[in-house]
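Okay, sequence plus prediction incoming.
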Amino acid sequence: MDILSILGVLISLGAILGGQYLEGGHLDTILNAVAMLIVLGGTIGAVMLQTPLNTFLRAIKMTSWVFVPPKQSATATLDSILEWNQIARKEGLMRLESAAMDEEDVFSQKGLQLIADGAEPELIREIMEADLDIQESNDIASAKVYEAMGGYAPTIGIIGAVMGLIHVMGNLADPASLGSGIAVAFVATIYGVGLANLFFLPMSSKLKAIIDQRSRIQMMLIEGLISIADGDNPRNIESRLQAYLN
């Protein structure tokens, strides 16, 4: 659980709603289902228009990473690499095939299988780095879906506000309702700017940070697997990979 993400949502919403209350405003003045429908529906529709289906579905699946990031630890990865190296030195590279079958991480599993199959270190690097590049590219494209939503939401909010003003202008015969009507019209702008800057853009940045961290750990894994294939001793491997722990 990412406590910073949870605190961020609570603090930002608390500050805005608390400020509204302290200024003497009422929460029901900024609650408008129609405005929310316009902003969310328009934003999601625009993003769906520009995004391939697989990327959009992956973005939805990655949303949970903001609050529950995938388990990843450079220290645990280093420990696993040293353990695999001990197995390879004592029982031979073929023994890593059993380790690959026991491994849950698909990326690690593939690397271990390549070593067990006798692949040359450079071939292992080439295959693993190609997989990493493709995975990282797909993940970044999915994270950019929320970045795009952050770009569209304020504009859709303005469209909602203009639509509300058009409705107000159509009722000029009732001057008493103009003030409240204009206030409601601008709620859509609040939703657009608020969703973009409090949720969509921060979510995109958080996902990119998680992707970057995972890619660095996987680069560490590649270097460790290459060292195992080269027959390096544990001390050299640990020294070489120590930088990834910082």
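Yep, that arrived. Numbering: from 1, shown residues only.

what bits of this structure have low per-residue confidence?
Scanning the chain for pLDDT under 70 picks out 25, 171-181, 183-184.

how about 90 then?
1-5, 8-9, 12-37, 69-77, 79-80, 83-108, 112, 115-121, 160-188, 227-246 (pLDDT under 90).

just the helices in it please.
Using DSSP state H, the helices assigned to the chain run over residues 3-22, 33-50, 53-62, 74-91, 96-102, 106-116, 121-169, 178-185, 187-195, 201-230, 234-241.

which of the ones you listed sits most buried?
Highest mean neighbour count among those (mean count of other C-beta atoms under 10 Å): helix 187-195, with a mean of 22. C-beta here means a position set from N, CA and C on the backbone, and glycine is covered the same way.

neighbouring contacts of that helix?
The contact list for helix 187-195 (C-beta atoms under 8 Å, 6 or more residues apart in numbering) reads 16, 29-30, 32, 35-36, 38-40, 43, 149-150, 153-161, 163-164.

OK, contacts around residue 140?
Counted by C-beta under 8 Å, 6+ apart, residue 140 has contacts 208, 211.

how far away is it from residue 62?
Plainly put, residue 140 is 11 Å away from residue 62 if you go by C-beta to C-beta, to the nearest Å.

For the spatially most central residue of the chain, which non-adjacent residue is closest in space?
Nearest residue to the geometric centre of the chain (C-alpha atoms, centre = their mean): residue 207, 2.2 Å. Distance criterion C-beta to C-beta, 6 or more residues apart in numbering; nearest residue to residue 207, sequence neighbours excluded, is residue 143 at 3.9 Å.

quick one: contacts for the one you found?
Residue 143 neighbours (C-beta under 8 Å, 6+ apart): 59, 62, 204, 207-208, 211.

do that again at 7 Å, thanks
Neighbouring residues of residue 143 by C-beta atoms under 7 Å, 6 or more residues apart in numbering: 204, 207-208, 211.

Residue 10 versus that one, what's the distance?
23 Å.

Over to residue 23?
Applying C-beta to C-beta to residue 23 and residue 10 gives a distance of 20 Å.

Can you get me a residue count around the nearest residue to residue 75 once chain neighbours are set aside?
Here the nearest residue to residue 75 in space, its sequence neighbours aside, is residue 245; by C-beta to C-beta, 6+ apart that works out to 6.2 Å. The number of residues packed near residue 245 is 12, by other C-beta atoms under 10 Å.

Right, I'll leave it there.
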